[in-house]
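Asker: Sequence first, predicted model second:
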Protein chains: 2
Amino acid sequence: MLHLVSRCSARLFWASPRWRRTYTQGASLRLKWLGCPHHRCSPLACREYSSASGSPEVMLTPERYPVQRLPFSTVSEEDVAAFECIIPGRVVTDPEQLEACNVDWLRSVRGSSKVLLRPQTSEEVSQILRHCCKRNLAVNPQGGNTGMVGGSVPVFDEVILSTALMNKVISFHDVSGILVCQAGCVLEELSRYVQERDFIMPLDLGAKGSCHMGGNVATNAGGLRFLRYGSLRGTVLGLEVVLADGTILNCLTSLRKDNTGYDLKQLFIGSEGTLGVITAVSILCPPRPKAVNVAFLESPFYVLVETSGSSAGHDAEKLTSVLEQVLNSGLVSDGTMATDQKKVQMLWALRERITEALSRDGYVFKYDISLPVERLYDLVVDLRTRLGPRAKHVVGYGHLGDGNLHLNVTAEAFSQELLGALEPYVYAWTAEQRGSVSAEHGLGFKKKNVLHYSKPPEAVRLMQQLKGLLDPKGILNPYKTLPVQA
Amino acid sequence: MLHLVSRCSARLFWASPRWRRTYTQGASLRLKWLGCPHHRCSPLACREYSSASGSPEVMLTPERYPVQRLPFSTVSEEDVAAFECIIPGRVVTDPEQLEACNVDWLRSVRGSSKVLLRPQTSEEVSQILRHCCKRNLAVNPQGGNTGMVGGSVPVFDEVILSTALMNKVISFHDVSGILVCQAGCVLEELSRYVQERDFIMPLDLGAKGSCHMGGNVATNAGGLRFLRYGSLRGTVLGLEVVLADGTILNCLTSLRKDNTGYDLKQLFIGSEGTLGVITAVSILCPPRPKAVNVAFLESPFYVLVETSGSSAGHDAEKLTSVLEQVLNSGLVSDGTMATDQKKVQMLWALRERITEALSRDGYVFKYDISLPVERLYDLVVDLRTRLGPRAKHVVGYGHLGDGNLHLNVTAEAFSQELLGALEPYVYAWTAEQRGSVSAEHGLGFKKKNVLHYSKPPEAVRLMQQLKGLLDPKGILNPYKTLPVQA
């Protein structure tokens, strides 16, 4: 039984020490904070979701944003012929087929690329980049195109380099749980693959049905298992990367420990395709838990908690004891628990489909910030007052255990005035708390100019030097991640 | 009761899938493989340990190894005066005091530095490095000087920059468990500090009584909690680093998630002081487990297993069930269990003091390699045959769950002939298994030339380019980590 309550305060956050003790014990818990129920956009209201086809055409990025094309070459007929030599039959120039790769899935930005390349091997990627580098052609590496910040589509006419056909599992070690796969493997398919072998992927996200492993690594995706299994910086054991000049950098080891020199793969994790194109990934998968419990609790926030462990009896005992405590103390007013797969999935769908639900509400201004956990909801409350009726809804949800707030402001349509009320206010507010202006989504195209709110000038300068070292012509995913240099 | 058995085979490794299932469940287990009991150097034989004082003088590094001094300046009286201005009263030039900082704790390498600097703040480190950079003076950053590969002492007359007086806790957040401290804090002291607040450090090593947090991060220390809490690449949340030119790079955030630009701190984790001097660390501490069990098992190897969880009852039940299984199946012949602190410590001492025990056996040739777990002991067996009576003992122990073998070969004294029989054989053997020639100890001075056994030329070149970018004059910890350029 699912009950909704309508009180709203920040009380849950004061109570977080209690939760901390719980979720990190024996049977670990995942906490997902679903937002404040009495506010206007409840995910419960959006049970049906249809694709955005039929919605109005997306504006070209340079029409909405002040961005100048850099002096890259333009793809010529000779270039297309050269690509056709490298990957015969896998060079796409048909405008209709290109449309889906030029527009991001949020339908918020749109490039005008004239060519999409679909290599199958690292060697092909290497030859493509060697050609592009020589010809000074800009390249937009693209995985499942599920990014949230406009990083996965071209801004102008960059060549789109898709990993879609690089979708083979290379190896799986059924003792260590180490999976090696090509970059274009879809997360959900990998999940299925390793589950059949009694393991699970260390990450899980709402976009799992489309996102590619390479794209996940390139954006350093966080997602729903972050609290339990940690960051990709720990679980990714090796990468194969093709550099801007076509060099294949093989750091695809499958070792838990390797302290031989600098850990180069870390450069590419979270660099959003601006330093190299990830072509293969080695990743450590945890054993599949034998017991999973999900609790959905209310008062004054919705909280989704998942436990996973090796003994159903022990886990149930621990969870029951915690629930008794929080119910008796009045901290939680109501809730429901699930152990069977179907109900577990139903509860998770409430969380995973919030993004879809919001996109039905009109234009969505999206922020993804890290804050000290005790301040996590303050900005939501603050913004409601600040924006008043200018915003349709101000919604905050996220990852309680990670201090990660997904802040969404919806309006009938994009409005420069509303944007002006939100920015730089949200970023300055976050910087004041020493938070991060991008917790897990990255900077991509839309957030690249706010980097300085979370990083000092010395760090930004060093990032720019690294970009200059690895991609001197700047052909890899230009206009992304780093601010324009003065 | 502790029983020792004397059979010896590689059987435990064939059985590792069984163990994997165990140590990753609810109450997680740490597995430490203690080596084969019937071989000659049992740690049990070494209950008393005295310091190595009184042992023969250590040869100067350039006398044993073929290494040429690079054309750095020599410390002048004016330099000493300048340092005295920056850190009055904390410039050490007394040869006796310098001795301890010139020789590594294994007493295997020895530098001839004439000056030791003991700054207290990052600002002081910055001023020192600015001066050294301008004057082209080489610098050896030094933490607790507990490194295993000669990385923590000067090779020639580098200025020693000690973090010993940078030993303050900056902050601790008792909800999130995030600790921020200066680089010179001793691991054991931090351990005590956070334990009083109901947390533990995510890493633990035999050298904990001396090693500094900054040094741990600079070497990307693995240690005894790696399997349970993962690598420093995941638990270190932020760093403050002073670059070669004196620039203070403040990436000292305390956020679980931060995807704003490239993760610069990763460059410095494991770079052994060659890219910058770590001056402060932000690290995530896990909650202190309520229940700890240690099992010490026999047949044919000693295995030390630690479980930590939130419920003593549940953990005991799980562990008992596993032990029944392995005893009934004949996989394990005997063993003992401990829950009380004293016995737990006694069992751990058996493991932690192996290094000390070995050092009493004469000169020790040390290797620290990662291998596929099913091949972990093969090299030990192979070497016993290969070396015959030339070696006093060939000892293998390590971290079963991490695939990390500590291979030690002892002899009465250093011998070029024995070295020739060991190298490059051990490295080539490891490379053939696609292993790592340095799992957790780093490359330092002694292993820098074997980097290519685990990394391809493209990776080595990129590492050298990174060094050139961050430290163009090469003043930071020269002669370490990267091979000499042709």
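Answerer: Sure, I can see it. Residues are numbered from 1 along each chain as shown, chains lettered A, B, ... in the order given.

Asker: Chain B contacts on the stretch 351-486 of chain A?
Answerer: Taking CB under 8 Å from any CB of the partner chain as the test, the list of the stretch 351-486 of chain A residues beside chain B reads A:370, A:372-374, A:399, A:401-404, A:434-443, A:451, A:453-456, A:458-460, A:462-463, A:465-466, A:469-470, A:481-482. In short, each C-beta sits where N, CA and C put it, glycine included.

Asker: Which of these are buried? Put it as a ChimeraX command.
Answerer: Entered in ChimeraX, the line below selects the buried ones among those, by 16 or more other CB atoms under 10 Å in any protein chain shown:
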select /A:370,372,373,374,399,401,402,403,404,435,436,437,438,439,440,441,442,443,451,453,454,455,458,459,460,462,463,466,470,481,482
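
Asker: Which of the residues of the stretch 351-486 of chain A next to chain B fall in helices?
Answerer: Among these, the residues falling in helices (DSSP state H) are A:E458, A:A459, A:V460, A:L462, A:M463, A:Q465, A:L466, A:L469, A:L470.

Asker: Now do the same contact list for the fifth one.
Answerer: It refers to A:M463. For A:M463, the residues meeting the contact criterion (CB atoms under 8 Å, 6 or more residues apart in numbering or on different chains) are A:L451, A:K455, A:L482, B:G261, B:Y262, B:L264.

Asker: run the last query once more with 6 Å
Answerer: A:L482, B:G261, B:Y262 (CB atoms under 6 Å, 6 or more residues apart in numbering or on different chains).

Asker: Could you export those residues to CSV, including columns for distance to A:E189 and pLDDT?
Answerer: As requested, the contacts of A:M463 are arranged in CSV below (distance: CB to CB, whole Å; pLDDT from 0 to 100):
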residue, distance to A:E189, pLDDT
A:L482, 32, 97
B:G261, 30, 97
B:Y262, 29, 98
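
Asker: which one among the residues you listed gets closest to B:P119?
Answerer: Comparing the contacts of A:M463 against B:P119 with CB to CB places B:Y262 closest, at 28.0 Å.

Asker: Just give the nearest non-adjacent residue to the closest one, would you?
Answerer: Once its chain neighbours are removed from consideration, B:Y262 has its nearest residue in A:M463; the separation is 4.9 Å (CB to CB, 6 or more residues apart in numbering or on different chains).

Asker: Might you enumerate the residues of the stretch 51-200 of chain A proximal to chain B?
Answerer: Remark: the part of the stretch 51-200 of chain A in contact with chain B comprises A:V175, using CB under 6 Å from any CB of the partner chain.

Asker: okay, the angle between the helix ranked longest in chain A and helix B:312-328?
Answerer: Identified as the longest helix of chain A according to DSSP H is helix A:312-328. For helix A:312-328 against helix B:312-328, the angle between stretch directions is 180 degrees (axes from the mean of the first three to the mean of the last three CA atoms, to 10 degrees).

Asker: Any buried residues in helix A:312-328, and which?
Answerer: Going by neighbour count (16+ other CB under 10 Å), the buried part of helix A:312-328 is A:H314, A:D315, A:A316, A:K318, A:L319, A:V322, A:L323, A:V326.

Asker: What of stretch A:174-181?
Answerer: Buried positions in stretch A:174-181, judged by neighbour count with 16+ other CB under 10 Å: A:V175, A:S176, A:G177, A:I178, A:L179, A:V180, A:C181.

Asker: want to throw those into a markdown table with secondary structure and distance to A:S282?
Answerer: Compiled in a markdown table, the buried residues of stretch A:174-181 are given as follows (DSSP: H, G, I helix; E, B strand; the rest coil; distance: CB to CB, whole Å):
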| residue | secondary structure | distance to A:S282 |
| --- | --- | --- |
| A:V175 | coil | 15 |
| A:S176 | coil | 11 |
| A:G177 | coil | 11 |
| A:I178 | strand | 6 |
| A:L179 | strand | 7 |
| A:V180 | strand | 5 |
| A:C181 | strand | 8 |
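
Asker: Next up, the contacts around A:V155.
Answerer: Neighbouring residues of A:V155 by CB under 6 Å, 6+ apart: A:T61, A:G111, A:F445, A:Y479.

Asker: cool, A:H441 as well?
Answerer: Contacts here follow CB under 6 Å, 6+ apart; on that basis A:H441 touches A:M148, A:V149, A:D368.

Asker: same question, A:T235
Answerer: Taking CB under 6 Å, 6+ apart as the criterion, A:T235 is in contact with A:P202, A:I283, A:L284.

Asker: Output the below-cut-off pLDDT ranges for chain A.
Answerer: A:1-55, A:486 (pLDDT under 70).

Asker: A:V186: which of the contacts of A:T235 is nearest?
Answerer: When the contacts of A:T235 are compared for distance to A:V186, the smallest value, 14.1 Å, is given by A:I283; criterion: CB to CB.

Asker: tell me the secondary structure for that closest one?
Answerer: Following DSSP: H, G, I helix; E, B strand; the rest coil, the label given to A:I283 is strand.

Asker: Surely it touches A:R233?
Answerer: No. With contact defined as CB atoms under 6 Å, A:I283 does not reach A:R233; the gap is 11.5 Å.

Asker: Now for A:L331, how many residues are close by?
Answerer: Residue crowding around A:L331 was assessed by other CB atoms under 10 Å in any protein chain shown; the count is 16.

Asker: now A:Q464
Answerer: Neighbour count for A:Q464, taken as other CB under 10 Å: 15.

Asker: ok, now A:D245?
Answerer: 16.

Asker: Does it touch A:C132 like I think?
Answerer: No. Contact criterion CB under 6 Å: A:D245 and A:C132 do not qualify, at 9.6 Å.

Asker: Can you show me the strands along the stretch 201-350 of chain A?
Answerer: Listed from the start of the chain, the stretch 201-350 of chain A has strands (DSSP state E, counting those that start in this stretch) covering A:236-242, A:248-251, A:277-284, A:291-298, A:302-309, A:334-338.

Asker: Could you pull up phi and psi at the residue in the stretch 251-400 of chain A that chain B sits nearest to?
Answerer: Among all residues of the stretch 251-400 of chain A, A:S310 sits closest to chain B, at 3.1 Å; criterion: CB to the nearest CB. When read as degrees, to the nearest 10, the backbone of A:S310 gives phi -100, psi -10.

Asker: Test my guess that it contacts A:V292.
Answerer: No. With contact taken as CB under 6 Å, A:S310 and A:V292 are classed as non-touching, separated by 11.0 Å.

Asker: of the two, who's got more company?
Answerer: A:S310 (21 against 18).

Asker: State the distance from the more buried one to A:E432.
Answerer: Per CB to CB, to the nearest Å, A:S310 is found 44 Å from A:E432.

Asker: swap in A:I170?
Answerer: The gap separating A:I170 from A:E432 is 46 Å, by CB to CB.

Asker: which phi and psi does the closest residue to A:P372 other than its chain neighbours have?
Answerer: If you skip the residues right next to it in sequence, A:P372 has A:Q433 as its closest partner in space, 6.0 Å away by CB to CB, 6+ apart. When quoted as degrees, to the nearest 10, the phi and psi of A:Q433 stand at phi -90, psi 10.

Asker: ok, A:Q433 - contacts?
Answerer: For A:Q433, the contacting residues are A:L371, A:P372, A:R375, taking CB under 6 Å, 6+ apart as the criterion.

Asker: Find the nearest non-adjacent residue to A:R118, please.
Answerer: A:R90 (4.1 Å).

Asker: does that neighbour really touch A:V115, like I thought?
Answerer: No. Contact criterion CB under 6 Å: A:R90 and A:V115 do not qualify, at 11.1 Å.

Asker: From chain B, how far off is the nearest residue to A:G215 once chain neighbours are set aside?
Answerer: Spatial nearest neighbour of A:G215, chain neighbours left out: A:G143 (2.6 Å); criterion: CB to CB, 6+ apart. Distance of A:G143 to chain B, computed by CB to the nearest CB, to the nearest Å: 16 Å.
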